[in-house]
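Chemist: Below is the sequence, then the predicted model.
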Amino acid sequence: MSEFQASTEADLPGQAGQALFRLGRMLSKQPIRELLTRQTGNAVGLSHILVSEAVAAGPEQPEQEITVGVVAERLAIDPSTASRLVAETIEAGYITRSPSHTDSRRICLELSETGRMLVEQAHTYQRSVFTQITRDWTEEERLEFSRLLVKFVDSFGKARLPR
């Protein structure tokens, strides 16, 4: 039984908010970095995974190139932080830079072969965690929760939250 057991449906939104923050704490303790470091043979930081996934997502439109600005937007961080994280991820060998095809002043980012392997292994790990956590759920529950979780995260990314 959950420590956040709702006594009424009116309590659910508050308890869902508490559960979200509890989930964040639990996820931060997951051993993904250590596991991927062993699998890839390279030191893996969480920022390497996040930046590599942002690059791996590819362009949203055919003419878009993946730049530091795109990474900053996708990770919801300021451009200077994105620039530092991209530089660290390049140095670690997960992404490469190349000149833009449309503007010689810009640098485009691409996954290296090691970066592709990192993203693939990170996604495999993420799927296995989801499968393990929902192993007692029906397929219908898994699919409905998946749909709502993706919708929630998309909405969260667009929300202007009070500071």
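Modeler: Sure, I can see it. Residues are numbered from 1 along each chain as shown.
Chemist: Need the contact partners of stretch 141-160.
Modeler: The contact list for stretch 141-160 (CB atoms under 8 Å, 6 or more residues apart in numbering) reads 76, 130, 134, 137. In short, each C-beta sits where N, CA and C put it, glycine included.
Chemist: Point to the residue nearest the middle of this protein.
Modeler: Closest to where the C-alpha atoms of the chain average out (CA atoms, centre = their mean) is residue 50, at 5.2 Å.
Chemist: Tell me which stretches of the protein form helices.
Modeler: Secondary structure of the chain (DSSP state H): helices at 12-28, 32-40, 46-56, 68-75, 79-91, 113-133, 139-158.
Chemist: The fourth one - contacts with which helices or strands?
Modeler: In this structure, helix 68-75 makes packing contacts with helix 46-56, helix 79-91, strand 107-111, judged by 3 or more CB pairs under 8 Å, 6 or more residues apart in numbering; DSSP states H and E.
Chemist: Could you check that helix and say which residues are buried?
Modeler: 68, 70, 71, 72, 74, 75 (16 or more other CB atoms under 10 Å).
Chemist: now do the longest one
Modeler: For helix 113-133, the neighbour count (16+ other CB under 10 Å) marks 114, 115, 117, 118, 119, 121, 122, 125 as buried.
Chemist: Residue 150 versus residue 129, what's the distance?
Modeler: Computed as CB to CB, to the nearest Å, the residue 129 to residue 150 distance reads 16 Å.
Chemist: hang on, the earlier thing: so can I have a markdown table of the buried residues of helix 68-75 showing pLDDT and distance to residue 42?
Modeler: What follows is those, written out as a markdown table (pLDDT from 0 to 100; distance: CB to CB, whole Å):
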| residue | pLDDT | distance to residue 42 |
| --- | --- | --- |
| 68 | 95 | 22 |
| 70 | 94 | 24 |
| 71 | 96 | 20 |
| 72 | 94 | 24 |
| 74 | 92 | 22 |
| 75 | 91 | 21 |
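Chemist: Make CSV out of those and add distance to residue 97.
Modeler: As requested, these are exported to CSV (distance: CB to CB, whole Å):
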residue, distance to residue 97
68, 9
70, 13
71, 12
72, 15
74, 17
75, 17
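Chemist: so which of these comes closest to residue 11?
Modeler: Closest approach to residue 11 among those (CB to CB): residue 75, at 33.2 Å.
Chemist: Make sure that closest one is actually in contact with residue 53.
Modeler: No - here residue 75 does not reach residue 53: they are 9.0 Å apart, not a contact under CB atoms under 8 Å.
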